[in-house]
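> Generate coordinates for the sequence data below:
(chains A and B)
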Protein chains: 2
Amino acid sequence: MTETQTRPEPAALRGEPKVLKVALLGCGTVGSQVARILLEDADALAARAGARLTLAGIAVRNPDATRDVELPRELFTADAEGLIDGADLVIELMGGIEPARTLILRAVRNGASVVTGNKALLAQEGPALFEEADKNNAELSFEAAVAGAIPIIRPIRESLSGDRITRVLGIVNGTTNYILDQMDSTGAAFADALAEAQRLGYAEADPTADVEGHDAAAKAALLATLAFHTPVSLDDVRCQGIAQVTAEDIAAAKDSGLVIKLLAIAELVSVGEGGTEGRGGEGVSVRVHPTLLPREHPLSAVRGAFNAVFVEAENAGELMFYGAGAGGRPTASAVMGDLVSTARRVVAGAPGRTDTATRVLPIVGVDAVTTSYSIGLEVADQPGVLARVAAVFAEHGVSIEAMRQTIDGGVPGNGNGRAELRFVTHRASEKALAETVADIKNLDVVESVTSVLRVEGV
Amino acid sequence: MTETQTRPEPAALRGEPKVLKVALLGCGTVGSQVARILLEDADALAARAGARLTLAGIAVRNPDATRDVELPRELFTADAEGLIDGADLVIELMGGIEPARTLILRAVRNGASVVTGNKALLAQEGPALFEEADKNNAELSFEAAVAGAIPIIRPIRESLSGDRITRVLGIVNGTTNYILDQMDSTGAAFADALAEAQRLGYAEADPTADVEGHDAAAKAALLATLAFHTPVSLDDVRCQGIAQVTAEDIAAAKDSGLVIKLLAIAELVSVGEGGTEGRGGEGVSVRVHPTLLPREHPLSAVRGAFNAVFVEAENAGELMFYGAGAGGRPTASAVMGDLVSTARRVVAGAPGRTDTATRVLPIVGVDAVTTSYSIGLEVADQPGVLARVAAVFAEHGVSIEAMRQTIDGGVPGNGNGRAELRFVTHRASEKALAETVADIKNLDVVESVTSVLRVEGV
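Residues are numbered from 1 along each chain as shown, chains lettered A, B, ... in the order given. I've put the predicted structure just below:
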């Protein structure tokens, strides 16, 4: 079958017994669990979907490779295109951009609805894929792409479709949350907590994508797109990882009743006439960075490798969605939820719309966002230092909410030791805060700026 | 238009511009917010729904009454039936059984999809209403019926439709959570915390439905129906309220690192040959009672009047959904999410299936459920008391996990005071635990059983 040929009407519409053929692309950690569930739970799934979901085959590079789960050899094929052309529903769990992109396009052009967990592909090619799916009356679902098993995509797209989401704060990377949680509970240094995470399989041998925040950034782009009904791509996300977070940062946060989390933050901001876009209205700011949160904030209780997404909406108020953010079985649960939901609509005869972008909002530069900073300084322990530092804050219109001083190796003010100062500011523009930090760094009484962390949820 | 007459095709299907007429029944706290949102956010809603959602009218008993929100007088009518007959979508927010039931039936027989927040009606008449909706190809949605703004119905029905939910633990009543949280944080007695809740508007003048757990029980029945794909009605729910929880219970829980929450619990249990139904297989247990939870359990962090639903599923693992459980605006958000989602499907031409009951599982009597008890006793402070009490546990095969003794007015064992004993048991059958408590009560050395609380999450 070529890409332009009309596909026969799904079996579901041709009378009882309804059968939908499912093609699975990829058979890694998640794919093998999806195959297992399709085979083991066939009867229950048929009852819930209103049609039998028959696993037609699994396309993989090497059909003879050994798998995590024991699956019949005859299901495997290297011919992904042939498998897709005979399918009513296609599950893409190969990851990466190609050949996933081409195969998904082939499926939706065939009129088959697609379920995918490929966040990298969606963050890069989402709009084009959704457009093609809509054009062909096919659905493209991707609950598994963000926060594993946690239902967050569907709640945002459907449950909150009558509300106005104003902010999304997400712990969407289990590896970094595990590392930060270990540092918080044991006082470990970053390198040691990372090594422990690697030993336990929570972090990969090359942890860059997790630790530098790139994985979280792709998810932030997807969440922002859905929450604000506007296209946001990976390039629009400002991203800072956790490699610079020190045991001292964690200890100081703890002393102040705070905890450090790597948050994906997507915010609707008002773009005044002085905004970066030069016109009034709404804009979107999307960023990933280590963030201080009060310990009583619901996100602070998210421990270990768990994920959670905190949503603020105009009418709903504060909502949080919590659960396992990764792993074969949890992520397979999300894939299966999409598959059964899509199957129900295919049985009913009309897939839903997949594209939720209904407007194009400006992406707001970080300078226009207001936030609050925690700033750690190593200073000479001399009289008058605090006054000079405070003057710099005042110059930039940044007001100080709290200050702590720790004397290292001496009594205060006798000039023979060093002191550490930690400031927490009130909310101010990112621009004013960054300029404050730059000017403080240049003071001769300041030996170094030991940490700059943003604070949320206060 | 009579109930049997065929309704004209929705405007949405007759070409651009698509318009769907919305009838609102009831204009209380939630209804007035829904009306406000429909009027204020009309453009954004139209973009998301794919059709303009026009508020055709609001049916109320007295169209001239004053409302929480200022709304155009001409929208109000006392003719609910006339309003329904001209509508594509109907929102029922009147509450109570009649006339809500008759009006919803009229709407779905007209082919109009219905959004409701009426948990009492659904817990009593759900199956009949869903059947009638399906027969007429209409949708019946009810996200607002459980846990206010929190998306929990749709995640269970759709996101988890490919998984096997094994347990649902919910804090689904804000009033009782507020009272218990006050008792926990201030040490207040139940009566004082209730009075405070009434003063602040968290509890009604007659708090019976909340305090006795009836409100939570209706929600438990709905959650169990959806989670286990089997009909569960209010009568199937065993229910115990919080009026008997004392400040001493709370303090003792705190000392042991526990917190007391009123939980709605729905569990899939295996019914062995010795089960109450006399045959093997699966059964369902649904109950509401004050429950001890470890402080590190995610539900323990749910403070004040907030709600949360904790779901355990075979593949997804542990999930939690948290947010505002009541209030006009949050609940209106849930109603609007249902409305926009339904509208999208009406625009696409095929509503989804509403009935998720695909099997009939036995309701398991509480005797067949295993749980763990915390038992408080006032005993004579004499040598040998502990041994005699412990012997009763052993007799019934209930093993003790922890014991604490507090001496009141004397040194231990000198016979001149009373002592308080608190036991926490390992999991045992509810039957064995109840018999243990009954036998302990009859011991001459036991003055009274001061508290019996169930423990979850350990």
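> So the residue in the stretch 301-450 of chain A positioned nearest to chain B: helix, strand or coil?
Closest approach between the stretch 301-450 of chain A and chain B, counting by Cβ to the nearest Cβ: residue A:336, at 2.3 Å. Heads up, the C-betas are built off the backbone N, CA and C, glycines and all. Under DSSP: H, G, I helix; E, B strand; the rest coil, residue A:336 falls in the helix class.
> contacting residues around it?
The contact partners of residue A:336, taken as Cβ atoms under 8 Å, 6 or more residues apart in numbering or on different chains, are A:34, A:37, A:38, A:45, B:161, B:162, B:163, B:315.
> mind running it again at 7 Å?
Shown in contact with residue A:336 (Cβ atoms under 7 Å, 6 or more residues apart in numbering or on different chains): A:34, A:37, B:162, B:163.
> quick one: which of the residues you listed is nearest to residue A:373?
Taking Cβ to Cβ as the measure, residue A:373 sits nearest to residue B:163 out of the contacts of residue A:336, at 42.1 Å.
> can I assume residue A:33 is in contact with residue A:330?
No: judged on Cβ atoms under 7 Å, residue A:33 makes no contact with residue A:330 at a distance of 8.9 Å.
> in chain A, which spans are helices?
With helices called from DSSP state H, chain A shows them at A:29-40, A:42-49, A:80-85, A:100-109, A:119-135, A:153-154, A:174-186, A:190-199, A:208-211, A:214-228, A:247-255, A:328-348, A:385-395, A:430-441.
> and the longest one, what's its mean pLDDT?
Looking back up the chat, that one is helix A:328-348. What helix A:328-348 shows for mean pLDDT is 92.
> If you rank the contacts of residue A:336 by neighbours, which is first?
Ranked by neighbour count (other Cβ atoms under 10 Å in any protein chain shown), the contacts of residue A:336 have residue A:34 at the top, with 32 neighbours.
> Can you get me a residue count around the closest residue to it other than its chain neighbours?
Of all residues not flanking residue A:34 in the chain, residue A:332 sits nearest, at 4.7 Å (Cβ to Cβ, 6 or more residues apart in numbering or on different chains). Here the number of neighbours of residue A:332 (other Cβ under 10 Å) works out to 31.
> now the strands for the stretch 251-400 of chain A?
For the stretch 251-400 of chain A, strands defined by DSSP state E, counting those that start in this stretch occupy the ranges A:258-270, A:282-294, A:306-313, A:317-324, A:370-380, A:400-408.
> List the contacts of the spatially closest residue to residue A:136 that is not a sequence neighbour.
Counting by Cβ to Cβ, 6+ apart, residue A:108 is the residue found nearest to residue A:136 once chain neighbours are left out, at 5.0 Å. Residue A:108 sits next to A:114, A:132, A:133, A:136, A:138, A:140 when contact means Cβ under 7 Å, 6+ apart.
> same thing with residue A:211?
A:176, A:194, A:241, A:242, A:243.
> Of the residues you listed, which is the most crowded?
When the contacts of residue A:211 are compared by neighbour count (other Cβ under 10 Å), residue A:176 ends up highest, at 31 neighbours.
> List the contacts of that one.
Applying Cβ under 7 Å, 6+ apart, we find residue A:176 in contact with A:210, A:211, A:242, A:262.
> circling back: to residue B:301, which of the strands of the stretch 251-400 of chain A lies closest?
strand A:317-324 (9.9 Å).
> how far does the closest one sit from the chain's center?
Counting by Cα atoms, centre = their mean, to the nearest Å, strand A:317-324 is centred 13 Å from the centre of its parent chain.
> cool, and stretch A:170-189?
On the basis of Cα atoms, centre = their mean, stretch A:170-189 sits 16 Å off its chain's mean C-alpha point.
> now swap in stretch A:50-57 and tell me
Distance, stretch centre to chain centre, for stretch A:50-57: 31 Å (Cα atoms, centre = their mean).
> export that stretch as CSV, just CAs?
Taking C-alpha atoms only, stretch A:50-57 is exported to CSV below (Å, rounded to 0.1, in the frame of the first residue of the first chain):
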residue,chain,number,x,y,z
GLY,A,50,-15.4,-2.2,22.7
ALA,A,51,-13.1,-4.1,20.2
ARG,A,52,-10.4,-6.7,20.4
LEU,A,53,-7.0,-5.2,20.2
THR,A,54,-5.0,-7.7,18.3
LEU,A,55,-1.2,-7.3,18.3
ALA,A,56,-0.4,-7.7,14.6
GLY,A,57,3.3,-7.5,15.0
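> any idea how far the nearest residue to residue A:379 once chain neighbours are set aside is from residue A:452?
Excluding its sequence neighbours, the residue lying closest to residue A:379 (Cβ to Cβ, 6+ apart) is residue A:385, at 4.9 Å. Distance from residue A:385 to residue A:452, counting by Cβ to Cβ, to the nearest Å: 19 Å.
> can you list contacts of the lowest-mean-pLDDT helix or strand in chain A?
Least confident helix or strand, chain A: strand A:400-408 with a mean of 82, by mean pLDDT, DSSP states H and E. Strand A:400-408 has contacts (Cβ under 7 Å, 6+ apart) with A:381, A:390, A:393, A:417-426.
> what two of those residues are the furthest from one another?
Across the contacts of strand A:400-408 (Cβ to Cβ), the longest gap, 29.8 Å, separates A:417 and A:426.
> What residues does the stretch 201-350 of chain A have near chain B?
Contact residues (Cβ under 7 Å from any Cβ of the partner chain) of the stretch 201-350 of chain A with chain B: A:229, A:298, A:301, A:313, A:315-324, A:329-330, A:332-334, A:336-337, A:339-341, A:344-345, A:348-350.
> Chain B versus residue A:101, what's the distance?
Noted for residue A:101: a distance of 25 Å to chain B, by Cβ to the nearest Cβ, to the nearest Å.
> Next one: that residue from residue A:136, what distance?
Note on residue A:101: its distance to residue A:136, by Cβ to Cβ, is 15 Å.
> What of residue A:98?
20 Å.
> Tell me which of the two has more neighbours.
Ranked by neighbour count (other Cβ under 10 Å), residue A:98 and residue A:136 place residue A:136 first, with 18 against 9.
> Got the phi and psi for that one?
Residue A:136 has phi and psi values of phi -100, psi 10 when expressed as degrees, to the nearest 10.
> Surely it is in contact with residue A:106?
No: counting by Cβ under 7 Å, residue A:136 does not reach residue A:106; the two are 10.7 Å apart.
> can you list the domains in chain A?
What automatic domain parsing lists as the domains of chain A is A:11-146+A:330-348, A:153-324, A:369-455.
> among these, which gets the worst mean confidence?
Across those, domain A:369-455 gives the lowest mean pLDDT, at a mean of 86.
> For that domain, measure first residue to last.
The stretch domain A:369-455 measures 13 Å between its terminal residues, going by Cα to Cα, to the nearest Å.
> Equivalent analysis for stretch A:230-237, please.
End-to-end distance for stretch A:230-237: 14 Å, by Cα to Cα.
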